[in-house]
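Asker: sequence-free structure coming up:
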């Protein structure tokens with residue numbers, strides 16, 4: 001009997017019944033996410049294997065049944081913590097989604113922060129999986145309910161107000177923020193480090209230090225991440241990958257493909273296919289997948305690939321937990 005070698009797969013998508021939330025269901029073995037940051041939260045349930053995560057405070061590992069929490073703009077990398085890789089289901093709620101739940105269920109206001117990174121909490125991991133499965137079954141009411149319940153649970157147990165640095169301890173943060181704004185405004189023709197330093201009234205090495213202290217990444221890495229964020233918005237709106245690459249400042253489509261896949265976990269084309277479907281449903285006033293498409297699939301644990309919903313995998317694999 002020949003053993004089947006597991007292969008990587010990923011689906012990055014959005015359901016119209018969960019506005020402001022992206023979902024990722026994936027199995028990775030060799031894929032490594034470089035150091036990057038998200039403009040929203042990362043809330044993941046590890047369903048198999050071990051995920052390794054490197055944060056500013058050091059490296060951590062998350063095994064099956066663990067929950068991973070990463071705050072907005074928190075730099076991190078991710079990689080397989082063992083030879084078999086890891087599988088997980090991830091929620092990417094926008095800050096406004098989490099803030100809304102916090103305001104309705106706690107005394108936290110503004111954009112709260114999670115105080116833990118890895119939780120050994122199978123019950124909460126199961127709740128995250130419930131959000132995914134409800135969305136996969138096109139049950140928007142259940143998906144939205146489960147989402148709010150799991151966010152409220154996490155905020156109650158691990159939420160805190162976001163700390164804001166005082167002006168007396170700026171430590172170069174103003175210069176770093178100005179440099180960031182300049183980079184965001186000039187994605188296709190970014191200034192050099194020397195120009196950034198001159199424009200922000202500091203020296204190149206001082207700016208490099210303050211920028212990394214403020215955002216956890218050097219300016220060039222932050223710029224790559226910002227280009228990928230801009231590319232996600234353009235792809236979701238229907239722009240072609242080739243046009244998107246030029247618009248956000250990548251050299252060509254292959255340059256976009258390389259960085260987009262490393263940071264997002266799926267190719268630009270795969271990302272666009274899923275988000276185009278979601279946008280089409282929303283524009284048509286349809287809350288989920290057409291009934292005929294749902295009927296041919298037995299549910300979230302059916303190993304058969306969905307006709308449309310699962311075609312954006314990087315390989316054609318067996319089912320992901």
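Answerer: Yep, that arrived. Since this is a predicted model, take the numbers as computed values, not measurements. Numbers count the residues shown, from 1 in each chain.
Asker: contacts for stretch 95-102?
Answerer: The contact list for stretch 95-102, computed with CB atoms under 8 Å, 6 or more residues apart in numbering, reads 20-21, 39-41, 72, 108-112, 148, 151-152, 155, 159. C-betas here are computed from N, CA, C, even on glycine.
Asker: Give the buried subset of those residues as a PyMOL selection command.
Answerer: Here is the PyMOL command that selects the buried residues among the contacts of stretch 95-102 (16 or more other CB atoms under 10 Å):
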select buried, resi 21+40+41+72+108+111+112+148+151+152+155+159
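Asker: Mind picking the two most distant members of the contacts of stretch 95-102?
Answerer: Spatial extent of the contacts of stretch 95-102 (CB to CB) is set by the pair 39 and 152 at 22.1 Å.
Asker: which parts of stretch 156-164 are buried?
Answerer: So for stretch 156-164, counting by 16+ other CB under 10 Å, buried means 158-159.
Asker: Next: stretch 34-47.
Answerer: Result for stretch 34-47 [16+ other CB under 10 Å]: buried residues 35-38, 40-47.
Asker: Distance from that stretch to the middle of the chain?
Answerer: Offset of stretch 34-47 from its chain centre (CA atoms, centre = their mean, to the nearest Å): 5 Å.
Asker: Quickly note the distance from the residue nearest in space to the middle of the chain to residue 22.
Answerer: By CA atoms, centre = their mean, the chain has its centre lying nearest to residue 92, at 5.2 Å. Counting by CB to CB, to the nearest Å, the gap between residue 92 and residue 22 amounts to 4 Å.
Asker: ditto for residue 126
Answerer: 20 Å.
Asker: Check residue 238 too.
Answerer: 17 Å.
Asker: Which one's more surrounded, the two?
Answerer: More crowded of residue 238 and residue 22, by other CB atoms under 10 Å: residue 22, with 23 against 13.
Asker: Just want the phi and psi numbers for the more buried one.
Answerer: Here is the backbone geometry of residue 22 (degrees, to the nearest 10): phi -100, psi 160.
Asker: Tell me which residues touch it, please.
Answerer: 12-14, 91-92.
Asker: Could I get the pLDDT score of it?
Answerer: pLDDT for residue 22: 97.
Asker: on contacts alone, who are the packing partners of the lengthiest strand in the chain?
Answerer: For the chain, the strand with the greatest residue count under DSSP state E is strand 42-55. Under the contact definition 3 or more CB pairs under 8 Å, 6 or more residues apart in numbering; DSSP states H and E, strand 42-55 sits against strand 58-63, strand 66-70, strand 76-80, strand 86-93, helix 122-136, helix 140-158.
Asker: Redo these as TSV? Include distance to residue 247.
Answerer: Below are those laid out as TSV (distance: least, CB to CB, whole Å):
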stretch	distance to residue 247
strand 58-63	36
strand 66-70	28
strand 76-80	27
strand 86-93	23
helix 122-136	30
helix 140-158	32
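Asker: So which of those is nearest residue 258?
Answerer: Between the helices and strands packed on strand 42-55, strand 76-80 lies closest to residue 258; by CB to CB that is 16.1 Å.
Asker: Mind listing the strands the closest one pairs with, and their directions?
Answerer: Sheet pairing for strand 76-80, assigned by DSSP bridges, gives strand 33-36 (antiparallel), strand 42-55 (antiparallel).
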